[in-house]
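> Fold the following.
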Amino acid sequence: MINYMTCYKGSVEAWEIDHMGHMNVQFYLKKANHALKLFFLKNDINPNNAMSFNEFFILEESHLRYLAEQKAGSPLFIDVGINSLNNNSFTLTMVMKELLSKEPSASFSLSFRIKEKKNKNIQNLLQGAYEKYPFPTPEYGKPKGLKLTKKKKLLPSIELALGLGMQETFLGIASSSEVDDDKCMGFENYMSIISNAVPNILAESLSKTDRNRFGGAALEYSFKYESFAGIGTPLTIRSGLVDLGEKTFTWRHWIFDAKSGILLAEAEALVITLDLKERKAIAMPQKMFESLEAILIDLN
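As a prediction, the model looks like this:
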């Protein structure tokens, strides 16, 4: 059985378009966050009518697949349901679709850990929602080329990042505009600062490539969350290229508290090479491959 609840309807705003000419990755997640909260509220998973849910469960992992570029004015909607549920955790499936064609433009899988058994009522509410809206992840939304959530040998740290040659691609402060109702950064804002970080590592590494003609578009993102920064938290991102193929390349990003050095989140992004004028995927030009190969790091 498959069922879901439509929890977002809207469109792409002009200010959500990035330099590549389509909706920036962070805004897919901002819209998904609206859908997430509405799903919880519509299913009464909001004791005391609270808009913050971190008291009851914690987001630990997410996976995103970008399936179609969205331009300014595109009308969209998001369907939400529960993919799996047990005593300690649950996973939501969300699919963003184009309003007229009903074709999927993105899929999201969010995995939560349920806090202590004192929240047994939350478990019952989730069970009720699961029975009404069971939504297995569609085949097109499943992980294809990322391995972040597999067991790793490395424990990320700023010192390790320096040793590996990972570059500092972002340095800033978590501002009041980036926090949620619980005064912590929302998961969409971790995507936002990574989106801001990527041009810093690309600018130098692709300096010999025609960046007006060749670039990339994210196909897939995976996140593992350790904690979410509060207002005023100093943030730094260390980024490195961890895989390089004929058409695709993969970034690894580590987000740290810049003062304490504590790891806040990890992200991995699978990117496909694009001809920006033709708006189609292509084999990577030789100069682009050589530029990226020069900054490839080994995490094994």
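> you'd agree residue 297 is up against residue 165?
Yes - assessed by CB atoms under 8 Å, residue 297 is found in contact with residue 165 at 5.5 Å. Just so you know, the C-beta spots here come from the backbone N, C-alpha and C atoms, and that holds for glycine as well.
> Of the two, give the one with the bigger neighbour count.
residue 297 (16 against 13; other CB atoms under 10 Å).
> What sits closest to the more buried one if chain neighbours are left out?
Counting by CB to CB, 6 or more residues apart in numbering, residue 240 is the residue found nearest to residue 297 once chain neighbours are left out, at 4.3 Å.
> just residue 216 next, same as before
Distances taken as CB to CB, 6+ apart put residue 271 closest to residue 216, at 4.1 Å, once the chain neighbours are dropped.
> May I have the residues that are in contact with that neighbour?
Neighbouring residues of residue 271 by CB atoms under 8 Å, 6 or more residues apart in numbering: 216, 217, 218, 219, 248, 249, 250, 251.
> quick one: strands adjacent to the helix or strand hosting it?
Here residue 271 sits within strand 263-275, counting by DSSP states H and E. Here strand 263-275 has these sheet partners by DSSP bridges: strand 214-225 (antiparallel), strand 248-257 (antiparallel), strand 280-281 (antiparallel).
> Tell me which of those strands lies nearest to residue 289.
Proximity to residue 289 (CB to CB) singles out strand 248-257 among those, at 8.8 Å.
> what's the offset of the closest one from the middle of its chain?
Centroid separation for strand 248-257 versus its chain: 11 Å, with CA atoms, centre = their mean, to the nearest Å.
> rewinding a little: any idea which of the strands paired with strand 263-275 scores lowest on pLDDT?
Per-stretch mean pLDDT for the strands paired with strand 263-275 is lowest at strand 280-281 (a mean of 84).
> other SSEs contacting the helix or strand following it?
Using DSSP H and E, the helix or strand that follows strand 280-281 towards the C-terminus is helix 286-293. In terms of contacts (3 or more CB pairs under 8 Å, 6 or more residues apart in numbering; DSSP states H and E), helix 286-293 is packed against strand 234-244.
> Export the strand it packs on to CSV, keeping only CA atoms.
Extracted C-alpha coordinates of strand 234-244, given in CSV (Å, rounded to 0.1, in the frame of the first residue of the first chain):
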residue,chain,number,x,y,z
PRO,A,234,31.0,30.3,14.4
LEU,A,235,31.0,27.9,11.5
THR,A,236,33.6,26.6,9.1
ILE,A,237,33.4,24.0,6.3
ARG,A,238,36.3,21.9,5.1
SER,A,239,35.7,20.4,1.6
GLY,A,240,37.5,17.9,-0.5
LEU,A,241,37.0,16.1,-3.8
VAL,A,242,36.8,12.4,-3.0
ASP,A,243,35.8,10.7,-6.3
LEU,A,244,36.2,11.6,-9.9
